[in-house]
Structure formats: C-alpha cells, structure tokens
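J.: I need the structure of the sequence given here:
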Amino acid sequence: MNSPAPPAPAPLLKLTSKQVFALCLIVVAIGSWAVLELLADADYPAGQRRFMSVLCIASSAFAALVTGVLARRVGAALLGWALGLMLGIGSHYLVTQMAAQSAQELQTARHDAIERLLRDAATKREPAALGASMKNLPLSVPGVFCVLADLDSSASAPAYAPAEPVSTDTLMHLGAGMVAAGDRAATLAQRQLALRYLLSALIDRNEPARLPQWLELWRRNQPGGRADAVELVDDVGWDSPENCPNNTGADDLGEVFRAWGIDGLRTWRQAGFRFTDRQQYQLLQYVVDARSLDQLVAAGVDVNASPYPGAGPVPQNALLWHAEQLGQRLAAAEADIAFGMDLDLIAAFVRQGADLRSRDEHGRDACALLSDGLKSAPDRMPVHPQFAQARTLLCRAPAGPPAKTPGASPP
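T.: Just a heads-up that it's a prediction; the model follows:
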C-alpha cells in the first residue's frame, strides 16, 4: 500500500498573485520615478547616467524575481515589475514634457511682456502708467530689472532677454516709472531691489555721472519721498527673483567706492545722503591698504562706526577683523609683500583713532584676535618677525576718553 506524498512546504512569502503583482508594480513605479528625478537633477556625465540607469533596472528586476520565487509567484512578480517600470518611466517622461512646455510658454510670455514694456518706454509713456503696467507682467519687477541689467544667471534668461543691450536712458526711465507708480507697481522691498539692480547696471557700464540721478530715484521711492540714507527694508532678499543676486544687507556704498573711488563717496554726500554705520563698517572691513583707509577717513568715514555692539564699552569696530586676518597671515609664515601692507593698514587704523577698547561678542580685543589668528597654524608657530610690530600696535593699554579740564567748557 502506497504511503501518501508529504505536503509541499509553504512559501516563505505568503502572498497571493495579486498581492505580489501590486507590490512589484507600486515599488518599481515609485522607485523608477525617484531614480529618474535624482539622475535628472544630478550633474553626471551621460555615460555615467546610462550605467546607473541600467544598474537600477537590473537591480529592480532581480529584486522582483527574488520576491516572486519566495512567494512562488514568479510570473506575477515579473509582470508587476515590467508594468511598474513602464508606468514610472512613462509618467516621468509625460510630466517632464509638460514641465518643458510650461517653461517654454512662460519664456515666450516673458519675452513678449519685456518687448512690450520696452516699446512703451520708447514711446515715453507717462511714468506712473508705465510703472503700474509692470504689476501684471509674468515676471516680478525686480526680475525685470535683473534681466534688463543682464544679471540673470539662469540658462533660460537669453530666451526672453532683449537681443540688444538696453540703453541706460531706457533703464532710468523705467526706474522713474516704477518709483512714480509706487505700490501700484510693486512693494517697497521689491522696488528697492529693482533699484539696486539698476545701480549694478550703472556700475557695470561705468556711468558715475548717473549716480546723482539714481540717488534721487532712491529718495523718491521712500515713503514720503524723503530719505537721507540708502537702507534696505527688512527681508528684502526674500523678494529676490530666482537666479538673480540676493541683496539682503547689500553693500551699495562699497560697490560705489570700489567702482568710482572717493569721487563716488563725495557724490553720495553731496546728494544729501549720509553713510550708515553698516555701510561704513563694510567699507572698512574690505579696505585693502593704508592709502585707501586714509581716503575713506578724509571722505567722512568713521573708523569706529559699526552696527555691532560687541562686548566692550564701545562698538565692535572693523579693526578687530583686520587684526585676526593679520594673525592668520602671519601664522602662515609666507614671505610676501602683503604682510607689510597688512601691517601698514593696522597702523593706519590706530593712527586714525580706532578705539582699542573695542571687543567682539566674545569679549576679545584686537590684541587677543591677533593671537587667535596665529593659533590657526600651530604646527608653524615660528612667529613671523612682524608679529612683534603688530603686538606693539595692538597690545598696549587702550587710552580712555580724554580727561576734562576743570572749568573748561565743552567745545
């Protein structure tokens, strides 16, 4: 009498054919979509993209096959894999084509709008109406000036930027229109950013004679038409268009000085604009030699101006930054003429009255920052010979305020 056959072992994955099919379909569709998105955003060579694509396809096929074997549903697993791969690739292609078409339509709309705006400007349309028409453009008002000033770094910008450079007269006319329209054209933050792009265009074109006109536009753009300083409203950078410079805390005065020197600063003052503490600090932080520092002081820049309170009895001045930079350069122990220039600059700061009582937010004065800079290269601590001269300048007891003579009247 024959004994009954032993029962077949249960599959390791207890899934039905439909469950295996659905699992492979969903996982492969989502996975192929994600891989294609990552490869599209990554900056890989074409050959590497193909290799990674084939590797991912082969890996997913192997995973689906293993799943099918474990569940004893190989056919359902491979069918789910194949359909999932087609679904993921097909849907990604479809969405990519739709996005490309939408981008093309946007570029065309921007091109037509900018051409129309330039035609309106050429006909000398009334400024306020010209500015108000910018409100409905398919590009933000700062974006318009960014494109016209040739500051847009995106690959798509040439598709809607003018074929020929826009004249400075046209740019200034558009700026005047935007200012005249006020909030009907854009918010104050956006208008300020647009004016900054206009200033960048003037600097790139080296037209210092336009600076008084630009400053007058800035003044009229402010609430009430009054301003004695170029200061950005809070969070102006959040309105910066994509692929254009983000100008939060922008160094307008520094750009003017680097482009047009002391004459630019004189024009600034003659137009009735003062130097803010932040502007003066930025000028002093990036000054490169003693001669430039002396010119800045002669133009009315205060060597102790600073927007940062610090931890000392006086604000945190720019000398602290230069002291630390000098220490780091001396620690490098490289024989370079720049050492002499740096030391002369430190001496000029002291000579021009930089307050040695100034301390940063951690309580370090210029002497301590000089020493901290040297610690940046402890393996090369044979100290540069000029370190002693720097210490002589910075590590002396800071003089306090001058004592008052009894009975003397204030000046």
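J.: residues of the host helix or strand of residue 53 that come out buried?
T.: Taking DSSP states H and E as the criterion, residue 53 maps to helix 46-71. Neighbour-count burial for helix 46-71, counted by 16 or more other Cβ atoms under 10 Å, picks out 56, 57, 60, 61, 63, 64, 67, 68, 70, 71. In this view, the C-beta of every residue, glycine as well, is placed from N, C-alpha and C.
J.: over to stretch 275-289?
T.: Residues of stretch 275-289 classed as buried by neighbour count (16+ other Cβ under 10 Å): 275, 276, 277, 278, 279, 280, 281, 282, 283, 284, 285, 287.
J.: and the first one, what does it touch?
T.: Which is residue 275. 229, 253, 265, 268, 269, 283, 300, 301, 302, 305 (Cβ atoms under 8 Å, 6 or more residues apart in numbering).
J.: do that again at 7 Å, thanks
T.: By Cβ atoms under 7 Å, 6 or more residues apart in numbering, the contact set of residue 275 is 253, 300, 301.
J.: just say helix, strand or coil for it.
T.: Applying DSSP: H, G, I helix; E, B strand; the rest coil to residue 275 yields a three-state assignment of coil.
J.: so it versus residue 284, what's the distance?
T.: 11 Å (Cβ to Cβ, to the nearest Å).
J.: now swap in the fourth one and tell me
T.: According to Cβ to Cβ, residue 278 stands 11 Å off from residue 284.
J.: repeat that for the third one.
T.: Taken as Cβ to Cβ, the spacing of residue 277 relative to residue 284 amounts to 11 Å.
J.: run the chain-centre distance for stretch 167-186.
T.: In terms of Cα atoms, centre = their mean, to the nearest Å, the centre of stretch 167-186 is found 25 Å from the chain centre.
J.: how about stretch 143-152?
T.: Centroid separation for stretch 143-152 versus its chain: 16 Å, with Cα atoms, centre = their mean.
J.: now do the shared contacts for residue 275 and residue 284.
T.: Common contacts of residue 275 and residue 284 (Cβ under 7 Å, 6+ apart): residue 301.
J.: on that earlier part again, show only the entries of the contacts of residue 275 found in strands.
T.: Judged by DSSP state E, strands contain none of these.
J.: can you give me the strands for the stretch 301-411 of the chain?
T.: Defined through DSSP state E, counting those that start in this stretch, the strands belonging to the stretch 301-411 of the chain form an empty list.
J.: who does the longest helix seen in the chain touch, helix- and strand-wise?
T.: Assignment by DSSP state H gives helix 74-122 as the longest helix of the chain. Where contact means 3 or more Cβ pairs under 7 Å, 6 or more residues apart in numbering; DSSP states H and E, helix 74-122 is packed against helix 17-41, helix 46-71, helix 157-160, helix 168-181.
J.: so which of those gets nearest residue 108?
T.: For the helices and strands packed on helix 74-122, proximity to residue 108 was assessed by Cβ to Cβ; helix 157-160 is nearest, at 7.7 Å.
J.: next one: that closest one to chain centre, how far?
T.: Relative to the centre of its chain, helix 157-160 is centred 21 Å away, using Cα atoms, centre = their mean.
J.: what packs against that helix?
T.: Judged by 3+ Cβ pairs under 7 Å, 6+ apart, the packing partners of helix 157-160 are helix 74-122.
J.: ok, residue 219 - contacts?
T.: Counted by Cβ under 7 Å, 6+ apart, residue 219 has contacts 225, 226, 227.
J.: measure the nearest residue to the first one once chain neighbours are set aside to residue 228 for me?
T.: What sits nearest to residue 225 in space, not counting adjacent residues and going by Cβ to Cβ, 6 or more residues apart in numbering, is residue 219, at 6.6 Å. As for residue 219, its distance to residue 228 is 8 Å (criterion: Cβ to Cβ).
J.: I figured residue 31 was touching residue 60, is that so?
T.: Yes - between residue 31 and residue 60 there is a contact under Cβ atoms under 7 Å: 6.2 Å.
J.: how many residues are close by residue 176?
T.: Applying other Cβ atoms under 10 Å, we find 20 residues neighbouring residue 176.
J.: quick check: it vs residue 92, distance?
T.: Counting by Cβ to Cβ, the gap from residue 176 to residue 92 is 48 Å.
J.: try residue 244
T.: From residue 244 to residue 92 the distance is 30 Å (Cβ to Cβ).
J.: how does the protein divide into domains?
T.: Residue ranges for the domains of the chain, per automatic domain parsing: 17-108, 124-274, 276-395.
J.: what mean pLDDT does the shortest one get?
T.: Here the mean pLDDT over domain 17-108 is 76, rounded to a whole number.
J.: who wins on neighbours among the contacts of residue 219?
T.: Neighbour max across those (other Cβ under 10 Å) = residue 227, 16 neighbours.
J.: residue 194 contacts residue 178, correct?
T.: Yes - counting by Cβ under 7 Å, residue 194 does reach residue 178; the two are 6.1 Å apart.
J.: what is in contact with those two at once?
T.: Common contacts of residue 194 and residue 178, defined by Cβ under 7 Å, 6+ apart, comprise residue 141.
J.: the nearest residue to residue 299 once chain neighbours are set aside - how many residues pack around it?
T.: Spatial nearest neighbour of residue 299, excluding adjacent residues (Cβ to Cβ, 6+ apart): residue 265 at 4.4 Å. Per other Cβ under 10 Å, the neighbour tally for residue 265 reads 21.
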